[in-house]
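In: here is the input, now give the coordinates:
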Amino acid sequence: MYSENYWHSVRLERDLCKGCTNCLKQCPTQAIRIQKGKAKILKERCIDCGECIRVCPYHAKKAVTDKFDILNNYKYKIALVAPAFFGQFSKTEDCDLVLTALLGLGFDDVYEVARGAQAISAKTRELLSCGELIKPAISSACPAVTRLIAVRFPNLIPNIIPLRSPMELAADAARRDAVEKTGLSPKDIGIIFISPCAAKATAIRDERLVKNTNVDGIISFRDTCLELAQKIGGISEIKHLSHAGSLGTMWATGGGEARATQAPRRVAVDGIHNVIQLLEDIEDDKLCDVDYVEALACPGGCVGGPLTSENSFVARSKISRICKAMDAETEMIDSSVDRMWDASPVYRPVMKLDEDLGIAMQMAMKIEEIAESLPGLDCGSCGSPSCRALAEDIVRGHASVEDCIFKLRERYEQLSGQKPADSNNEPD
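Out: Sure thing, here's the model as predicted:
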């Protein structure tokens with residue numbers, strides 16, 4: 001059977017799992033099964049979107065991120081701050097106050113990812129105007145979406161705009177500035193991204209997504225907000241540390257990225273299931289008149305990430321107010337920092353059944369045969385997300401036909417000599 005090792009930030013804590021099937025039903029790539037009363041994540045299918053983290057009522061899905069002790073590994077530490085972070089605080093919308101508070105957590109400096117977003121927006125406008133992109137051009141900013149395309153929509157890989165993510169661009173610029181400022185070696189400088197999502201943690205550790213990352217660690221919004229809660233109110237001197245404009249900061253919310261490109265024919269979609277529907281429409285040539293597509297896995301954009309601490313609607317409103325008080329664009333990242341990515345996403349053949357083509361074809365035929373025999377209700381009671389997924393699991397040797405409760409009932413009735421109950425008959 002075909003398999004390949006991928007690094008993942010989304011992990012299962014089996015002791016907490018109750019086998020409730022919530023994650024099974026919501027996973028956009030059918031990467032979860034329920035076996036022996038516990039969830040199991042199929043690594044080759046998982047895109048680390050964090051949807052299972054969001055819907056699990058028992059908190060059995062976790063994102064692997066770093067703790068603050070990672071700062072001890074570096075002589076000079078820089079907090080790389082996502083624009084959505086400014087919407088996480090109930091008592092302040094002052095970006096400078098938030099950034100100043102971060103210095104009290106052990107960071108020596110801060111750098112806003114919104115500055116990277118400004119630069120990427122400007123480069124996107126340039127590429128769109130030059131006519132160099134395959135239309136509709138799909139943003140490369142969300143790592144969960146690029147991974148989704150690599151898994152389910154490989155024909156759309158050429159449509160992805162070949163630009164680095166704002167996080168990577170900002171990290172590169174932050175390291176260069178720090179080397180010039182401190183005289184330290186680049187390896188002595190730690191760039192720590194404050195993240196709203198699990199997919200970013202995957203992106204810096206899986207070379208299939210980013211070949212040469214400048215990000216040294218990931219700390220979640222939640223962990224950071226917990227640390228800041230007691231410090232942010234006691235700051236007496238606020239430093240002027242914010243240098244981003246509204247065009248970069250608005251990337252925190254759904255539609256902000258698309259507006260920043262100023263493309264006249266643009267579409268913005270958020271929420272992984274909505275993204276899938278849109279990508280299917282692109283494959284079916286239903287968006288031929290669209291120039292640019294912003295696709296974000298989290299509902300509402302990054303403010304709705306699974307590692308955030310504030311209600312996404314409240315955070316979105318705060319970001320909107322913050323942007324109104326900003327200039328559109330302020331300090332740009334130096335043009336010497338390369339905007340283009342170093343490698344495109346690679347197709348991940350998760351449906352590959354076997355290295356031997358003949359065996360794979362036989363397995364595929366068997367899957368279709370078994371799927372035809374199943375009821376087609378996709379109820380999930382068997383522990384697979386759909387009847388066809390169960391058929392595949394049976395052929396792969398991970399399940400049996402009797403896992404289907406309807407097939408099991410048929411088998412029981414055959415063995416016991418009972419006839420199926422007629423639900424339309426009235427009781428005597």
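
In: hey, let's count contacts and neighbours off CA atoms from now on
Out: Noted.

In: so Tyr412 is in which element?
Out: helix 405-416 (DSSP states H and E).

In: and that helix, C-alpha only, in CSV?
Out: C-alpha atoms of helix 405-416 as CSV (Å, rounded to 0.1, in the frame of the first residue of the first chain):
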residue,chain,number,x,y,z
ILE,A,405,-24.5,-1.5,10.6
PHE,A,406,-27.0,-2.1,7.8
LYS,A,407,-24.8,-4.9,6.3
LEU,A,408,-24.3,-6.2,9.8
ARG,A,409,-28.1,-6.3,10.3
GLU,A,410,-28.5,-8.1,7.0
ARG,A,411,-25.9,-10.7,8.1
TYR,A,412,-27.6,-11.2,11.4
GLU,A,413,-31.0,-11.7,9.8
GLN,A,414,-29.5,-14.2,7.3
LEU,A,415,-27.9,-16.2,10.2
SER,A,416,-31.0,-16.1,12.4
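
In: just how off-centre is that helix within its chain?
Out: How far helix 405-416 lies from its chain's middle: 42 Å, per CA atoms, centre = their mean, to the nearest Å.

In: now that helix: buried residues?
Out: Across helix 405-416, burial judged by 16 or more other CA atoms under 10 Å covers 406, 410.

In: for the record, mean pLDDT for that helix?
Out: The average pLDDT for helix 405-416 rounds to 84.

In: try stretch 255-264
Out: Mean predicted lDDT for stretch 255-264 stands at 92.

In: repeat that for stretch 304-317.
Out: Here the average pLDDT along stretch 304-317 is 95.

In: tell me which residues in it are buried?
Out: So, applying 16+ other CA under 10 Å, buried residues of stretch 304-317: 304-310, 312, 315-316.

In: just put those in CSV and tack on secondary structure and distance to Cys404.
Out: Output for the buried residues of stretch 304-317, formatted as CSV (DSSP: H, G, I helix; E, B strand; the rest coil; distance: CA to CA, whole Å):
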residue, secondary structure, distance to Cys404
Gly304, helix, 36
Gly305, coil, 35
Pro306, coil, 32
Leu307, coil, 35
Thr308, coil, 38
Ser309, coil, 39
Glu310, coil, 41
Ser312, helix, 38
Ala315, helix, 43
Arg316, helix, 43
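
In: the domain parsing of the protein - what is it?
Out: Domain ranges of the chain: 1-63, 68-124+164-256+302-324, 356-422, per automatic domain parsing.

In: closest one to Val275 among the ones you listed?
Out: Val275 sits nearest to domain 1-63 of all those, at 9.9 Å, using CA to CA.

In: can you give the distance from that closest one to the centre of its chain?
Out: Per CA atoms, centre = their mean, the centroid offset for domain 1-63 relative to its chain is 14 Å.
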